[in-house]
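Participant: coords please:
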Amino acid sequence: MSGQLLRRLRTAAMAAALGAATLLPMATGAHAAAKVDNPYVGAGVYVNPEWSANAAAEPGGSAVSNQPTYVWLDRIAAINGSSSSMGLRAHLNSAVNQATAAGKPFVFQVVIYDLPGRDCAALSSNGELGPTEIGRYKTEFIDPIAAILADPAYANLRIVTTIELDSLPNLVTNAGGTATATPTCDVMKANGNYVAGVGYALNKLGAISNVYNYIDAGHHGWLGWDSNFGPTASLLLQAANASGSTPANVHGFVVNTANYSTLKEPYFTINDTVGGQSIRGTSKWVDWNRYVDELSYAQAFRAKAVEVGFPSNVGMLIDTSRNGWGGPNRPTGPGPQTSGDAYVDGGRLDRRFQTGNWCNQAGAGLGERPTAAPEPGIDAYVWVKPPGESDGASKEIANDQGKGFDRMCDPTYTGNPRNNNNMSGALPDSPLAGTWFSAQFRQLLANAYPPVGGGTSDTVAPTAPTALAASGVTASAATLGWTASTDNVGVTGYQIFRNGVQVGTSATTSYADSGLTASTAYSYTVKARDAAGNVSAASAALSVTTSAGAGDTTAPSVPTGLVASNVTTTGLTLGWTASTDNVGVTGYQIFRNGVQVGTSTTTSYADSGLTAATAYSYTVKARDAAGNVSAASAALSVTTQTGGGGGNAGCAATYKVSSDWGAGFNADVTVTNTGTAPIKSWKVTWTWGGNQQITNLWNGSLAQSGTAVAVTNLGYNGTVAAGGNTSFGFGANYSGGNTAPTLSCTATS
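Facilitator: Numbers count the residues shown, from 1 in each chain. All right, here's what the predicted structure looks like:
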């Protein structure tokens, strides 16, 4: 009945993080896409390259390394990242690139997890903020996150947030005189900062039109009792109405986060009896709980949430990252009817000593792969906790992240009242919470259920799809259909290939391909994938020739306003004004030095792999639904930043006008660390060429005297890792011209 200790420490060596973005109220207006009922339906989901690299490096790990997992923001420093870990903006930019490649709606998943006095009932995940530091939580954690998520560059992503794990459920079971109360939980219940903090996060993030907030609701083995179930729903409603928020900011709830509770128990139900007595009273495992698995708990909690006042369309997410419980010890039928304990213990899939055990559990396996809308009321099965990342250290390890040693992570520990004094069931030799735990990942892979291809179970691939055919062929699109494959463990989806390159996936026997060129022949094949990860041979190839475009020969207008931002030594982001066309613009072609380097379905493109201190020339062309391509935009010359500490004492600044209405404008400035060591503070100066006057500025401190402007960092965004960046923005008035100024940047290390 304790909370789950889950904690995210980024360890894979990846690109440096990008910094904060524009002010939330200014940016939210750019988010025009209407919210959908279930963000996962019909969408791709972001694959975190840091986790993917760790998983792929393990034996057999490549079979699951393409699965989507959440990005964790568990401390202030994680927002901007470091030279060895990606920050939020870097992940979002990567998600935009993945979305562009997928050519369909795309989900980005992120855990928001840094409340004051975080995880009051445990030690391994204690956070950096003390119980009273609600001000820092708001201004240094939530506000910068909201500013980044509100950047129009990410407007086409469906951003799913999981809000503050364990916090509110801990107030129900571990505070206020309960048998399992802790002093810290009592403090957090008394000062109200858990409720206020969650409300603040919901309010700020819920104001962004493409953000979908899900609140943590524990798991069935923690909150399934009558004394916990209803009070939890009521407390979550209280938080949803706190700090200016409303329940409309809650899209749903997430259960079993980083926990091990099985999705479905097939061999017993809560209504079973043994010897004429209910198993609720005769099984120590069930122990009067009303729920025996996560699916029944999630569906019931959704109904209870609606009953207490949440919107009727709220959805549920279930974390299935570690609740598969496969392998040789998986039961194949009910236990004996000799006693309630024997019946339940002999048939239950969940092999823990007790449902209160949460740390690096021995014998666990990967559960259901992330799936959209798998059951009524369930928006998706998700992998919130990235498999292979430790829950906590099995012994005390010194660290600067505020993470303590919890005996529940020690395999020799005999337990406490929160797990009814059972053995902890933890794996030995576990590292600090959030760091890669190879032994755990390998166990999860071996015990996965459904099994993972290449593991200890199924190795039989599905039959190849047959009867591949095309319909609805136009100048720019075609719909494919085929006869379903068969397999001994069940087909979970299909991979679609165009001209030998995979262009998408489908959970059904059809796929709508788009972005094609008029009067062009394409070759398609399809492969099936089963529940164990095995992939079939390809179907017979199908040749499809697009139509001539219904006679349309009018090319789109030329893209205008091409600008660059976020310029570093190795990359930059392009943006431009949308083109117009009589049959609609379907995308853009991006050219670097006269050679096409990519495409985009939006008016932005992140280019990478550049050389420091090098000039590049960019142009962009628009393409319409009939396959016509516009003339090239005016060329833009961009010079990358100087590496190795060169350039204005270690930093450089780039300037971009985001909107201009004739009498005023908004602009963004990106500050990049061009040196080889972190900087601790920065200052950007310029002189206006006209009569521009800044009226409001965010993410910086302003001094303007006449035409001279100076902006310095605030407390939370002064430190920038080598190669990383941060940003500030402002609104200004003017009359006459609005020529862009030349910026100068200085920094201290």
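
Participant: and the pLDDT for Gly29?
Facilitator: What the model reports as pLDDT for Gly29 is 36.

Participant: count of residues packed around Leu516?
Facilitator: The local packing of Leu516 (other CB atoms under 10 Å) involves 22 other residues. Every residue, glycine included, has its C-beta placed from N, CA and C.

Participant: separation between it and Ser547?
Facilitator: According to CB to CB, to the nearest Å, Leu516 stands 10 Å off from Ser547.

Participant: between those two, what contacts are shared?
Facilitator: Ala475 (CB atoms under 8 Å, 6 or more residues apart in numbering).

Participant: okay, now the domains of the chain?
Facilitator: Taking automatic domain parsing as the criterion, the chain consists of the domains 24-446, 466-545, 553-640, 643-749.

Participant: which of those has the lowest mean pLDDT?
Facilitator: domain 643-749 - the lowest mean pLDDT of those, at a mean of 81.

Participant: re earlier: a markdown table for the domains of the chain, including distance to Val460?
Facilitator: Formatted as a markdown table, these follow (distance: least, CB to CB, whole Å):
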| stretch | distance to Val460 |
| --- | --- |
| domain 24-446 | 15 |
| domain 466-545 | 6 |
| domain 553-640 | 38 |
| domain 643-749 | 47 |
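
Participant: and the ones you listed, which is most packed in?
Facilitator: domain 24-446 (a mean of 21; mean count of other CB atoms under 10 Å).

Participant: could you check how far that one is from the centre of its chain?
Facilitator: With CA atoms, centre = their mean, to the nearest Å as the basis, domain 24-446 stands 13 Å off its chain's centre.

Participant: Three-state assignment for the residue nearest to Ser245 when sequence neighbours are not counted, please.
Facilitator: In this structure, Ser245 finds its nearest non-sequential neighbour in Asn203, 3.8 Å apart by CB to CB, 6 or more residues apart in numbering. Assigned by DSSP: H, G, I helix; E, B strand; the rest coil, the conformation of Asn203 is helix.

Participant: how close does the residue sitting nearest the centre point of the chain get to Pro68?
Facilitator: Computing the C-alpha centroid of the chain and ranking residues by CA atoms, centre = their mean puts Gln109 first, at 1.8 Å. Noted for Gln109: a distance of 7 Å to Pro68, by CB to CB.

Participant: name the residues contacting each of those two.
Facilitator: Val45, Tyr46, Val382.

Participant: out of those residues, which is nearest to Ala190?
Facilitator: Val382 (33.5 Å; CB to CB).

Participant: pretty sure that closest one is touching Met316, no?
Facilitator: No - under the criterion of CB atoms under 8 Å, Val382 makes no contact with Met316, lying 10.4 Å away.

Participant: which residues touch Thr338?
Facilitator: Thr338 neighbours (CB under 8 Å, 6+ apart): Val274.

Participant: could you say which helix or strand contains it?
Facilitator: Assigning secondary structure by DSSP states H and E places Thr338 outside every helix and strand.

Participant: then the one 5 residues further on?
Facilitator: Here Tyr343, judged by DSSP H and E, is contained in helix 340-347.

Participant: helices or strands up against that helix?
Facilitator: Counting contacts by 3 or more CB pairs under 8 Å, 6 or more residues apart in numbering; DSSP states H and E, helix 340-347 packs against helix 279-282.

Participant: coming back round to it: alpha carbons of the helix holding Tyr343, as CSV, please.
Facilitator: The C-alpha trace of helix 340-347 is given here as CSV (Å, rounded to 0.1, in the frame of the first residue of the first chain):
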residue,chain,number,x,y,z
GLY,A,340,-8.1,-18.9,0.2
ASP,A,341,-4.3,-18.3,0.4
ALA,A,342,-3.5,-21.5,-1.6
TYR,A,343,-6.1,-20.6,-4.3
VAL,A,344,-5.0,-17.1,-4.8
ASP,A,345,-1.3,-17.6,-4.4
GLY,A,346,-1.3,-20.6,-6.7
GLY,A,347,-3.0,-18.8,-9.5
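
Participant: could I get the full set of helices for the stretch 201-350 of the chain?
Facilitator: 220-223, 226-240, 279-282, 294-308, 340-347 (DSSP state H, counting those that start in this stretch).

Participant: for the stretch 301-450 of the chain, which segments count as strands?
Facilitator: 315-319, 371-375, 378-382 (DSSP state E, counting those that start in this stretch).

Participant: just the C-alphas of stretch 628-639, formatted as CSV.
Facilitator: Extracted C-alpha coordinates of stretch 628-639, given in CSV (Å, rounded to 0.1, in the frame of the first residue of the first chain):
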residue,chain,number,x,y,z
ASN,A,628,3.2,20.7,-58.1
VAL,A,629,6.3,22.3,-56.4
SER,A,630,6.8,26.0,-55.9
ALA,A,631,9.8,28.1,-56.9
ALA,A,632,12.4,28.4,-54.1
SER,A,633,12.2,30.9,-51.4
ALA,A,634,14.7,33.7,-51.1
ALA,A,635,18.0,32.2,-49.9
LEU,A,636,19.0,32.5,-46.2
SER,A,637,22.7,32.5,-45.3
VAL,A,638,23.4,31.2,-41.8
THR,A,639,26.8,30.8,-40.1
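
Participant: distance of the residue nearest to the centre of the chain relative to Ala95?
Facilitator: Applying CB to CB to Gln109 and Ala95 gives a distance of 9 Å.

Participant: so what sits against both of these two?
Facilitator: Counting by CB under 8 Å, 6+ apart, the residues touching both Gln109 and Ala95 are Tyr46.

Participant: pretty sure Lys138 sits against Tyr200.
Facilitator: Yes - with contact defined as CB under 8 Å, Lys138 counts as touching Tyr200 (5.5 Å).

Participant: phi, psi of Leu92?
Facilitator: Main-chain dihedrals, Leu92, degrees, to the nearest 10: phi -60, psi -40.

Participant: which residue comes closest to it once chain neighbours are left out?
Facilitator: Closest to Leu92 by CB to CB, 6+ apart is Tyr154, at 5.1 Å.

Participant: now the one you found, what are its backbone angles?
Facilitator: Given degrees, to the nearest 10, the pair of backbone angles that Tyr154 has is phi -110, psi 10.

Participant: tell me who's in contact with it.
Facilitator: Neighbours of Tyr154 in contact, by CB under 8 Å, 6+ apart: Leu92, Ala95, Val96, Phe108, Ile148, Asn210.

Participant: for Gly117, which non-adjacent residue is spatially closest?
Facilitator: Pro131 (3.5 Å).

Participant: so that neighbour versus Gln641, what's the distance?
Facilitator: The value you get for Pro131 to Gln641, if CB to CB is used, is 42 Å.

Participant: what does Gly135 give?
Facilitator: In terms of CB to CB, Gly135 sits 35 Å off from Gln641.
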